[in-house]
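# next come a sequence and a model predicted from it.
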Amino acid sequence: MTDQIPQRRRLVTAIPGPRSRAMMARKSAAVPVGVATTMPVFADRAGGGIVVDVDGNHLIDLGSGIAVTTVGNSAERVVDAVKAQVDRFTHTCFMVTPYEGYVAVAEALNALTPGDHVKRTALFNSGAEAVENAVKIARAYTKRAGVVAFDHAYHGRTNLTMALTAKEMPYKHGFGPFAPAVHRAPLSYPFRDGDVLTGRSAAARAIAHIEAHVSPDQLAAMVIEPIQGEGGFIESALGFLPALLEWCEAHGVVFIADEVQTGFARTGAMFACEHEGLVPSLIVTAKGIAGGLPLAAVTGEAAIMDAAHSGGLGGTYGGNPLACAAALAAIETIRADDLIGRAQEIERLMKERLRQLQRLDSRIGDVRGRGAMIAVELVRPGSVDPDSASAVSIAAEARSRGVIVLTCGTDGNVLRFLPPLTMGDELLHDALDVLAEAFAVTRRG
Ligand SMILES: *Cc1c(COP(=O)(O)O)cnc(C)c1O
């Protein structure tokens with residue numbers, strides 16, 4: 001039983017151990033190099049905030065499988081719900097003979113997402129697929145083609161979402177040509193913009209840039225992450241997002257909030273849009289939605305969602321019954337265990353420790369993020385020049401000591417922390433001790 005995995009870090013071999021090494025050799029022979037791994041370590045079991053590898057090492061999980069296992073790995077309610085569903089049926093295809101779980105997830109998302117207008121939800125398999133569908137829906141509704149996306153954006157790896165994604169390497173390099181009619185706009189990035197740009201003035205800059213390149217009446221949608229994920233956990237200055245939303249409303253452009261990474265309590269609110277009281281026209285969710293089962297959703301205003309004709313939306317597996325059962329259990333876990341409150345506690349604990357570390361280590365230019373979505377941006381001391389070499393070496397030192405740490409950022413110089421919200425203080429402190437050690441050894445070296 002996974003809930004019996006002790007919530008403690010414990011290393012019994014070097015990282016990677018001999019079994020992981022042997023499996024990595026098999027992987028290299030069987031899987032293309034394009035599918036890379038953060039750690040050369042194979043998972044055997046996982047529970048809560050611990051991943052146990054095939055050599056018996058207990059690793060602290062500060063990545064949650066990239067913001068997915070928000071309710072903990074193999075969370076009890078999720079496991080029970082999936083087991084019960086797997087005994088009833090595994091698949092019928094919602095487009096052939098529908099089932100209640102899909103409708104129940106749609107009802108839950110319609111109620112939970114910002115705004116009390118009438119909404120609809122359609123379910124898909126992945127974040128990228130849901131973003132694509134949000135754009136399809138916006139195009140059907142507006143009868144326009146153009147889409148605005150932002151610097152540092154990440155929206156997925158399909159053709160349209162590669163076009164929306166900003167970063168060339170590794171996501172786009174050599175994979176074009178990309179979907180047309182995508183226009184890129186400058187973001188608000190307080191650490192790099194300096195203190196000069198308020199949210200409103202950063203929005204004015206973005207809008208001026210957009211209007212110089214495309215007439216708003218050609219735009220179906222603006223797609224934006226309320227806090228950017230892969231791009232570097234960038235929180236725009238307050239006022240930036242509301243100003244963009246106002247502009248979209250004034251020009252009939254559908255505002256699509258990509259909450260794939262920020263949704264489901266991750267940022268200390270059910271959705272990151274709530275921090276500024278934003279009510280997006282469409283909201284895209286995935287990752288944390290179903291405790292690790294593949295599920296994604298587009299939720300939004302009924303008039304927009306119903307613009308796509310009957311049969312125009314769907315997919316063989318979209319809203320798979322196991323994933324829907326898992327989603328309902330994950331949502332119930334967030335509510336019953338007050339994981340929104342827990343995310344806020346994690347933010348306080350982590351920011352305090354990381355700011356202590358910042359006082360010791362001038363490579364930490366910025367400590368930022370919300371809830372359990374926290375990052376440090378590494379720079380050459382006294383500047384904002386990215387120091388990706390330090391990010392790589394610090395992450396490697398932490399991993400070799402049994403802490404799963406991810407990096408991100410257009411320059412790869414950001415360490416990002418996404419612990420499951422169920423992780424206890426003791427485990428978090430141990431992970432932060434390891435990080436402090438990793439900073440110390442790389443400072444000396
Ligand atoms: C991960 C991510 C996606 C893509 O989701 P997949 O499930 O990997 O397709 C899209 N948008 C954001 C903000 C993400 O973080």
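Arrived safely, thanks for sending.
# top helix in this protein by residue count?
helix 339-360 (DSSP state H).
# identify the bridge partners of the residue of the stretch 301-445 of the chain found nearest the ligand.
Across the stretch 301-445 of the chain, the shortest distance to the ligand (CB to the nearest ligand atom) belongs to residue 408, at 9.5 Å. In this view, the C-beta of every residue, glycine as well, is placed from N, C-alpha and C. Beta-bridge partners recorded for residue 408 (DSSP bridges): residue 414.
# and residue 294, how close does it get to residue 363?
37 Å (CB to CB, to the nearest Å).
# just to revisit the earlier point, so what are the sheet partners of the very next helix or strand once past the longest helix of the chain and their directions?
If you walk from helix 339-360 toward the C-terminus, the next helix or strand you reach (DSSP states H and E) is strand 364-370. With DSSP bridges as the test, strand 364-370 is paired with strand 373-378 (antiparallel).
# and the strand it pairs with, what's its mean pLDDT?
Averaging pLDDT along strand 373-378 yields 98.
# now do it: everything it contacts.
Applying CB atoms under 8 Å, 6 or more residues apart in numbering, the contact partners of strand 373-378 are 67, 191, 227, 229, 232-233, 261-262, 266-267, 346-347, 350-351, 354, 357-358, 363-369, 386-388, 390-391, 394, 408-409, 413-418.
# just the buried ones from these?
Neighbour-count burial (16 or more other CB atoms under 10 Å) applied to those gives 67, 227, 229, 232-233, 261-262, 266-267, 346-347, 350-351, 354, 357-358, 363-369, 386-387, 390-391, 394, 408-409, 413-418.
# helices of this protein, start to end?
Using DSSP H, helices in the chain cover 18-30, 64-67, 76-88, 100-112, 127-142, 159-164, 190-193, 199-213, 240-250, 302-305, 321-336, 339-360, 388-400, 425-444.
# using CSV, list the CA coordinates for the second one.
Pointing back at helix 64-67 there. Extracted C-alpha coordinates of helix 64-67, given in CSV (Å, rounded to 0.1, in the frame of the first residue of the first chain):
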residue,chain,number,x,y,z
SER,A,64,4.9,16.3,-8.5
GLY,A,65,5.4,14.9,-12.0
ILE,A,66,5.3,18.5,-13.2
ALA,A,67,2.5,19.8,-11.1
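# residue contacts, whichever residue of the stretch 101-250 of the chain sits closest to the ligand?
Residue nearest to the ligand within the stretch 101-250 of the chain (CB to the nearest ligand atom): residue 127, separated by 2.2 Å. Taking CB under 8 Å, 6+ apart as the criterion, residue 127 is in contact with 155-156, 258, 260, 284, 286-287, 296.
# can we see that at 10 Å?
66, 154-158, 161, 229, 258-261, 263, 284-287, 289, 294-297 (CB atoms under 10 Å, 6 or more residues apart in numbering).
# pull out the buried residues from these.
66, 154-156, 158, 161, 229, 258-261, 263, 284-287, 289, 294-297.
# now, which of those lie within strands?
258, 284-285, 296-297 (DSSP state E).
# what is the nearest of these to the ligand?
residue 258 (4.6 Å).
# I figured residue 347 was touching residue 371, is that so?
Yes: using CB atoms under 10 Å, residue 347 is in contact with residue 371, at 5.2 Å.
# between the two, which contacts overlap?
Common neighbours of residue 347 and residue 371 (CB under 10 Å, 6+ apart) are 267-268.
# report the contact partners of residue 135.
Per CB under 10 Å, 6+ apart, neighbours of residue 135: 145, 147, 155, 160-161, 163-164, 179, 181-182, 220-221, 223, 254, 256, 282, 284, 298.
# repeat for residue 219
138, 142, 144-148, 181, 183, 210, 248, 251-254.
# write out the residues of this structure neighbouring the ligand.
126-128, 131, 154-156, 225, 229-230, 258, 260-261, 286-287 (CB under 6 Å from any ligand atom).
# now with 8 Å?
Listed as neighbours of the ligand in the chain under the rule CB under 8 Å from any ligand atom: 66-67, 125-131, 153-158, 161, 225, 228-230, 258-262, 284, 286-287, 294, 296.
# can you pull up the most central residue in the protein?
Nearest to the geometric centre of the chain sits residue 261, at 1.9 Å (CA atoms, centre = their mean).
# now do the contacts for that residue.
66-68, 127, 154, 225-230, 233, 267, 272, 285-288, 373, 408, 416, 418.
# how about 7 Å then?
67, 225, 229, 287 (CB atoms under 7 Å, 6 or more residues apart in numbering).
# check what pLDDT the third one gets.
pLDDT recorded at residue 229 is 98.
# residues in contact with it?
Per CB under 7 Å, 6+ apart, neighbours of residue 229: 154, 261, 408.
# quick revisit: mark which of the contacts of residue 135 are buried, thanks.
Buried among the contacts of residue 135 (16+ other CB under 10 Å): 147, 155, 160-161, 163-164, 179, 181-182, 220-221, 223, 254, 256, 282, 284, 298.
# I'd like the distance between the residue of the stretch 301-445 of the chain closest to the ligand and residue 184.
When residue 408 is compared with residue 184 (using CB to CB), they lie 19 Å apart.
# and the protein, what are its domains?
2-74+339-444, 77-336 (automatic domain parsing).
# check the offset of the first one from the chain's centre.
When distances are taken as CA atoms, centre = their mean, to the nearest Å, domain 2-74+339-444 is centred 15 Å away from the chain's centroid.
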